[in-house]
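Colleague: Model the following, please.
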Amino acid sequence: MKYAEVKAASYEEAVIEIKKKYGDSARIIKSFVTKEGGFLGLGQKKFVRILVSIPEDEYLKREKENFLTLSKARNSNNEIKSKESDRTIEQTNTNQSNSLKLESQLKNSIEPLSLSIIMEKLNKMEKIIKESELNKKNDLHPNLLEIKEILKQNEFYDEFIDRVIKDLLENLSLSRIEDKMELHQYVFDYIRKMLVDVEHYKFGDGKKRIIALIGPTGVGKTTTLAKLAANAVIEHYNVKLITIDGFRLGATTQLEKYAEILKTSISLVEDNMSLQKCIALSDADLILIDTIGRSRKDEINLAKMKQILDVRNHEVDFILTVSANTKPAEVKRIFKTFDMFDYKNVIITKYDESETIGAIINCCIDMKKGIMFITDGQRVPNDIEKTDTWNLLTKIKGFEPQVYFANAKY
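Modeller: Numbering: from 1, shown residues only. Okay, here's the model as predicted:
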């Protein structure tokens, strides 16, 4: 990879100069505005400086073209000089001695001068890099700044946004970055490829499915559990409800009402032995367990709850339940706190209260978790949506409309 600096009066002029000199394969690394000239800060002119990287093969190709162009110009000049020399040969002989002296002086001065220019350019490049680190607002193409803003508005974390921008700079040419539609499509695909594919449960294969919803207090675990149960009953599966949340006032009563409406059995257990016995005696296709809502700070009680849910001879699928209106800083802590349950999937609740779920998507990508369902209301069995890559990506707002339409097949 080769590097070059382009200076112009405006960003647009700089881009034109880059394309002219290095073609579409050049990638912008940094750009910033400088002021030059003037006296004591007065009358200074603004210039845009852009540092670009060029693939080595393209750089050599361009240099060769420039060399050939320069050679043609020199040959043309030499032909003119040759004709003139025929008429001035006597003057050449007379001044030969002086010319040799001048050539000797130039030869002695060229090498130090070239080295001085090279050192000056290296110092300028170092200064560019340092200044660009201090001037983050002006160091990206406007389309890349827009991508950063879109992801930020959707509450993705800064580390993730930086990874996306770095990937764009490394893999997209300047012409592709300038094409907003193509740029948005690339980011859309980037996130899509990072999402974990979810295998939704299949019933009727003779295997007893046990699902336990875990998560903080107040995220809607009990209502979500009822929605899952109701939809399974509609599909004619045998469902059993179990709750270990007997400590929260009204929690058992609420689930009992749902069980009565769905005409399914419900059990309250308080220890591991009771839970194992209840599961062993049940002939249900699907057993849904409502757990105690715990604060992320309540790690001791979370460990006790994990002991209660440690069922032998049966695999319990833990699903983390997170509210869409949770603050991004809390989302990260919740994911890490409940990781002791080795959960593989997530349900996003209360989407109707906050349509920004970038932080949750971000954590799912970073921690390799799938997103199974999104709920957006209190109605049972409605207001729950089975997720896939397509409808998850439509929850990210701000991309060009054509991107969503073009990817509807996903």
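Colleague: What distance do you get for the spatially closest residue to residue 15 that is not a sequence neighbour to residue 150?
Modeller: Excluding the flanking residues, the one nearest residue 15 by C-beta to C-beta, 6 or more residues apart in numbering is residue 174, at 7.0 Å. Heads up, the C-betas are built off the backbone N, CA and C, glycines and all. Using C-beta to C-beta, to the nearest Å, residue 174 is found at 20 Å from residue 150.
Colleague: ditto for residue 336
Modeller: 26 Å.
Colleague: With neighbour numbers in mind, choose between the two.
Modeller: Legend: neighbour count by other C-beta atoms under 10 Å for residue 336 and residue 150, higher for residue 150 (18 against 12).
Colleague: ok so, going back, now the phi/psi pair for the residue nearest to residue 15, please.
Modeller: With angles defined as degrees, to the nearest 10, residue 174 sits at phi -60, psi -40.
Colleague: count of residues packed around it?
Modeller: Residue crowding around residue 174 was assessed by other C-beta under 10 Å; the count is 20.
Colleague: tell me which element residue 5 falls in.
Modeller: strand 2-8 (DSSP states H and E).
Colleague: helix or strand right after that strand?
Modeller: Going down the chain from strand 2-8, the next helix or strand is helix 11-22, by DSSP H and E.
Colleague: follow-up on the earlier one: got a list of what the residue nearest to residue 15 touches?
Modeller: 15, 18-19, 24, 26-28, 52, 141 (C-beta atoms under 8 Å, 6 or more residues apart in numbering).
Colleague: Using a markdown table, lay out these together with distance to residue 342 and neighbour count.
Modeller: Formatted as a markdown table, the contacts of residue 174 follow (distance: C-beta to C-beta, whole Å; neighbours: other C-beta atoms under 10 Å):
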| residue | distance to residue 342 | neighbour count |
| --- | --- | --- |
| 15 | 50 | 22 |
| 18 | 51 | 21 |
| 19 | 52 | 14 |
| 24 | 48 | 13 |
| 26 | 47 | 25 |
| 27 | 42 | 22 |
| 28 | 44 | 24 |
| 52 | 47 | 22 |
| 141 | 42 | 22 |
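Colleague: With only the CA atoms kept, save stretch 233-242 in CSV.
Modeller: Extracted in CSV, the C-alpha atoms of stretch 233-242 (Å, rounded to 0.1, in the frame of the first residue of the first chain):
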residue,chain,number,x,y,z
VAL,A,233,-51.7,-24.2,22.8
ILE,A,234,-53.2,-22.8,19.6
GLU,A,235,-50.8,-25.2,17.7
HIS,A,236,-52.3,-28.0,19.8
TYR,A,237,-49.2,-28.7,21.9
ASN,A,238,-49.5,-30.0,25.5
VAL,A,239,-48.1,-27.1,27.6
LYS,A,240,-47.3,-26.9,31.3
LEU,A,241,-46.5,-23.8,33.3
ILE,A,242,-44.1,-23.7,36.3
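Colleague: Tell me which other helices or strands the helix or strand hosting residue 365 touches.
Modeller: According to DSSP H and E, residue 365 maps onto helix 358-366. If you count contacts as 3 or more C-beta pairs under 8 Å, 6 or more residues apart in numbering; DSSP states H and E, helix 358-366 packs onto helix 158-171, helix 180-194, helix 328-337, strand 345-349, strand 370-375.
Colleague: if you set the cut-off to 7 Å instead, what comes out?
Modeller: Packing contacts for helix 358-366, counted by 3 or more C-beta pairs under 7 Å, 6 or more residues apart in numbering; DSSP states H and E, involve helix 328-337, strand 345-349.
Colleague: Buried ones in that helix, by neighbour count?
Modeller: By 16 or more other C-beta atoms under 10 Å, the buried positions in helix 358-366 come out as 358-365.
Colleague: Now render those as TSV, adding pLDDT and distance to residue 293.
Modeller: Converted to TSV, the buried residues of helix 358-366 look like this (pLDDT from 0 to 100; distance: C-beta to C-beta, whole Å):
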residue	pLDDT	distance to residue 293
358	93	24
359	95	20
360	95	18
361	94	23
362	95	24
363	95	19
364	95	21
365	95	26
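Colleague: tell me which of those residues is nearest to residue 170?
Modeller: residue 365 (18.8 Å; C-beta to C-beta).
Colleague: my guess is that closest one meets residue 192, correct?
Modeller: No - contact status for residue 365 versus residue 192: not in contact, 10.6 Å apart, counting by C-beta atoms under 7 Å.
Colleague: on that earlier part again, can you give the contact residues for the helix holding residue 365?
Modeller: 151, 154-157, 160, 194-196, 322, 328, 331-332, 335, 346, 348, 371, 392, 396 (C-beta atoms under 7 Å, 6 or more residues apart in numbering).
Colleague: again, only this time at 6 Å
Modeller: 154-157, 160, 194, 322, 328, 331-332, 335, 346, 348, 371 (C-beta atoms under 6 Å, 6 or more residues apart in numbering).
Colleague: do stretch 207-225 as well
Modeller: With C-beta under 6 Å, 6+ apart, stretch 207-225 has contacts from 201, 254-255, 286-291, 293, 309, 314, 316-321, 323, 338, 341, 347, 349, 375.
Colleague: Out of these, which sit inside strands?
Modeller: 286-290, 316-321, 323, 347, 349, 375 (DSSP state E).
Colleague: Make a markdown table out of the helices and strands packed on helix 358-366 and add mean pLDDT.
Modeller: Compiled in a markdown table, the helices and strands packed on helix 358-366 are given as follows (pLDDT from 0 to 100):
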| stretch | mean pLDDT |
| --- | --- |
| helix 328-337 | 92 |
| strand 345-349 | 94 |
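Colleague: Could you say which of those is packed most deeply?
Modeller: strand 345-349 (a mean of 25; mean count of other C-beta atoms under 10 Å).
Colleague: partners of that strand, with directions?
Modeller: When pairs are called by DSSP bridges, strand 345-349 turns out to pair with strand 316-323 (parallel), strand 370-375 (parallel).
Colleague: I'm done for today, thanks for sticking with me.
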